[in-house]
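# Predicted model and sequence below, questions to follow.
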2 protein chains.
Amino acid sequence: MRLSILLRDGFTALDIVGGYEVLANLPGMDVEFVAPRAGLVWADTRRLALHAWRSYAEAESTDILYVPGGPGVTPGLDDAELMATITRLHATSTWTVGICNGVEWLGKAGVISGKEVTTNWACRDKVAAYGATVNHRRYHRDGKIITGAGVSASIDASLFLAGLLAGEDVARTLQLGIEYYPEPPFGNGTPDEAPAMAQAIVRQFEAAGPERIQALAARIPAGAAH
Amino acid sequence: MRLSILLRDGFTALDIVGGYEVLANLPGMDVEFVAPRAGLVWADTRRLALHAWRSYAEAESTDILYVPGGPGVTPGLDDAELMATITRLHATSTWTVGICNGVEWLGKAGVISGKEVTTNWACRDKVAAYGATVNHRRYHRDGKIITGAGVSASIDASLFLAGLLAGEDVARTLQLGIEYYPEPPFGNGTPDEAPAMAQAIVRQFEAAGPERIQALAARIPAGAAH
């Protein structure tokens, strides 16, 4: 079974790696990273880069389509090749996973209209505008579409999917493998219960994301560009 | 402030990205990935690769030394240059972070003898053999050394460190930013409470890690080696 994780400039790394670390360790799972072109793709910090195996154009089908979020999501909405790739891969995927504001990409690609989904708490309105019903859950399944809330919810959503794919015993073993028995040092409320000041700061930070990553691009040393 | 994350062949990606995603977003934090050589370094799955900015030899000092784990830890214990790098960077670091069985590297490098640490549940004995007292906590601080339990505990340990570095309000904002309000689908016990069968499978999987990644190495296509 193949897991295809879409990369595009400005992704948030934990949106990807939280799910990857669970799903890649399922027995028989093969993982690929797919990007506009093979080679390095830079995260929103411009300090972490993942290697993509092949290009969007080379990806004809997959079993699990995995769409992460990050500040690169907003500029990606105008990327016709990306949208066509999501539509094409979703058409025959067994499962389609959207994490965080990556669910906006699923919306723009036309695959969640009339569906119920979750997403990052800060972009619920944007996702709803694509005709989806947005709930406030950490992860949600509607048919073959699994959605996760923000960033670290990729772990919970992927453990849930692992349970569907391989049964609860295997999923529990994967949970032990990544020692996912969280103890957040500052409590475990919901995003909606977070302090108003923290909410305001994060909203502002996320709204400025596309400009922020644009400004950071110059920090990539020339020698590091493969 | 600089965060230097050590990479070596066969790391577990979530050991790194869980902490990176928290610490890299601290105001004023600069992140670098340091490896035997600049370029791609492959994770334990051989399907994910991170880009390293510079070599161990080029890393003279840092503010936060971050040492992740994975199946590559056991072969890394015999890597004299890696051990010298850990000893050298730890000598003047403000903080030294060890995650999962990466704490074994701290042990071999001689920096946790007489200290109290936590680590992956499956390698407590190995870490204790380096003269450390091993507890069963998710994260622990002893002086400037912060240790985390397995893999996803990198998130909790790094949020704890973020609180020490920037105060609880900032750390709570980072927690909201990564939406870390976990809901593990299969409960939230401790590793010691996991089913015996799951424990046995994970122990076997981890014990076979060095051989597994060796066997997987051949899957890297020649064209992907930068």
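Now that the structure is in, tell me what you want to look at. Keep in mind that what you see is a predicted model, and the values were worked out from it rather than measured.
# Skipping its backbone neighbours, what lies nearest A:Tyr180 in space?
Excluding the flanking residues, the one nearest A:Tyr180 by CB to CB, 6 or more residues apart in numbering or on different chains is B:Ser152, at 4.6 Å. Where C-beta positions appear, they are placed from N, C-alpha and C, glycine not excepted.
# distance of the nearest residue to A:Asn120 once chain neighbours are set aside from A:Asp63?
Counting by CB to CB, 6+ apart, A:Asn120 lies nearest to A:Gly150, which is 3.9 Å off, once chain neighbours are set aside. As judged by CB to CB, to the nearest Å, A:Gly150 and A:Asp63 stand 25 Å apart.
# So for those two, which residue has more residues nearby?
A:Gly150 (29 against 16; other CB atoms under 10 Å in any protein chain shown).
# mind checking how far the residue nearest the centre of chain A is from A:Gly148?
For chain A, A:Pro68 is the residue whose C-alpha lies nearest the centre (CA atoms, centre = their mean; 1.7 Å). Separation of A:Pro68 from A:Gly148 (CB to CB): 9 Å.
# Overlap of the contact sets of these two?
Common neighbours of A:Pro68 and A:Gly148, counting by CB atoms under 8 Å, 6 or more residues apart in numbering or on different chains, are A:Gly19, A:Ile99, A:Cys100, A:Ser154.
# what subset of these is also close to chain B?
Among the shared contacts of A:Pro68 and A:Gly148, the ones lying near chain B by CB under 8 Å from any CB of the partner chain are A:Cys100.
# Let's see which of the shared contacts of A:Pro68 and A:Gly148 end up in strands.
A:Ile99 (DSSP state E).
# can you give me the strands for chain A?
In chain A, the strands defined using DSSP E lie at A:2-6, A:30-35, A:39-42, A:49-52, A:54-55, A:64-67, A:95-99, A:116-117, A:133-134, A:139-142, A:145-148.
# Which of those sits closest to B:Pro195?
Judged by CB to CB, the one of the strands of chain A that comes nearest to B:Pro195 is strand A:139-142, at 22.8 Å.
# strand partners of the closest one, parallel vs antiparallel please.
strand A:145-148 (antiparallel) (DSSP bridges).
# How about residues contacting the partner strand?
Under CB under 8 Å, 6+ apart, the answer for strand A:145-148 is A:19, A:95-100, A:103, A:106, A:111-112, A:115, A:117-119, A:138-140, A:154, A:156-158, A:160-161.
# Quick check: ChimeraX command selecting the buried ones in these.
Buried residues within the contacts of strand A:145-148, by 16 or more other CB atoms under 10 Å in any protein chain shown, are selected in ChimeraX with:
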select /A:19,95,96,97,98,99,100,103,106,111,112,115,117,118,119,138,139,140,154,156,157,158,160,161
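# where do the helices sit along chain A?
A:13-23, A:73-76, A:80-92, A:102-108, A:124-128, A:153-166, A:168-177, A:196-207, A:209-216 (DSSP state H).
# Mean neighbour count, those helices: which tops it?
Of all the helices of chain A, helix A:13-23 carries the top mean neighbour count, a mean of 29, counting by mean count of other CB atoms under 10 Å in any protein chain shown.
# show me what contacts the residue nearest to the centre of chain A?
A:Ile5, A:Leu6, A:Leu7, A:Phe11, A:Thr12, A:Asp15, A:Ile16, A:Gly19, A:Ile99, A:Cys100, A:Gly102, A:Ser154.
# if we go to 6 Å?
A:Pro68 is in contact with A:Phe11, A:Asp15, A:Ile16, A:Ile99, A:Gly102, counting by CB atoms under 6 Å, 6 or more residues apart in numbering or on different chains.
# thinking A:Ala128 is in contact with A:Asn135, fair?
No: shown here, A:Ala128 and A:Asn135 do not form a contact pair, counting by CB atoms under 6 Å, at 10.4 Å.
# what comes into contact with stretch A:176-193?
Residues outside stretch A:176-193 that contact it (CB under 6 Å, 6+ apart): A:21, A:121, B:14, B:138, B:149-153, B:156, B:159-160, B:171-172, B:175, B:179-182, B:184, B:188, B:190-191, B:194, B:198, B:202.
# Go through that stretch and flag the buried ones.
By 16+ other CB under 10 Å, the buried positions in stretch A:176-193 come out as A:Leu176, A:Gly177, A:Ile178, A:Glu179, A:Tyr180, A:Tyr181, A:Pro182, A:Glu183, A:Pro184, A:Pro185, A:Phe186, A:Pro191.
# Specify which member of the residues you listed is nearest to chain B.
Checking the buried residues of stretch A:176-193 against chain B with CB to the nearest CB, the nearest one is A:Glu179 at 3.0 Å.
# got a pLDDT number for the closest residue in space to the closest one that isn't next to it in sequence?
Nearest residue to A:Glu179, sequence neighbours excluded (CB to CB, 6+ apart): B:Gly150, at 3.0 Å. B:Gly150 carries a pLDDT score of 94 in this model.
# With B:Leu14 as the reference, measure out to B:Gly150.
Taking CB to CB, one finds B:Gly150 at 9 Å from B:Leu14.
# cool, A:Ala122 as well?
Counting by CB to CB, the separation of A:Ala122 from B:Leu14 is 24 Å.
# and what of A:Thr92?
Counting by CB to CB - A:Thr92 and B:Leu14 are separated by 29 Å.
# and if you look at A:Val67?
Using CB to CB, we find A:Val67 at a distance of 19 Å from B:Leu14.
# any idea how far A:Ala24 is from B:Arg47?
6 Å.
# Find residues that contact each of these two.
Contacts common to A:Ala24 and B:Arg47, judged by CB under 6 Å, 6+ apart, are A:Val31.
# about what we covered before: which stretch among the helices of chain A comes nearest B:Gly209?
When those are compared by CB to CB, helix A:168-177 sits nearest B:Gly209, at 11.0 Å.
# Could you tell me the angle between that closest one and helix A:153-166?
Between helix A:168-177 and helix A:153-166, the angle comes out at 150 degrees (axes from the mean of the first three to the mean of the last three CA atoms, to 10 degrees).
# Extract the CA atoms of helix A:168-177 and return them as CSV.
Extracted in CSV, the C-alpha atoms of helix A:168-177 (Å, rounded to 0.1, in the frame of the first residue of the first chain):
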residue,chain,number,x,y,z
GLU,A,168,-6.8,-1.8,16.9
ASP,A,169,-4.1,-4.1,18.1
VAL,A,170,-1.7,-2.9,15.4
ALA,A,171,-2.6,0.7,16.0
ARG,A,172,-1.9,0.3,19.7
THR,A,173,1.4,-1.2,18.9
LEU,A,174,2.3,1.8,16.7
GLN,A,175,1.1,4.1,19.5
LEU,A,176,3.6,2.4,21.8
GLY,A,177,6.3,2.5,19.1
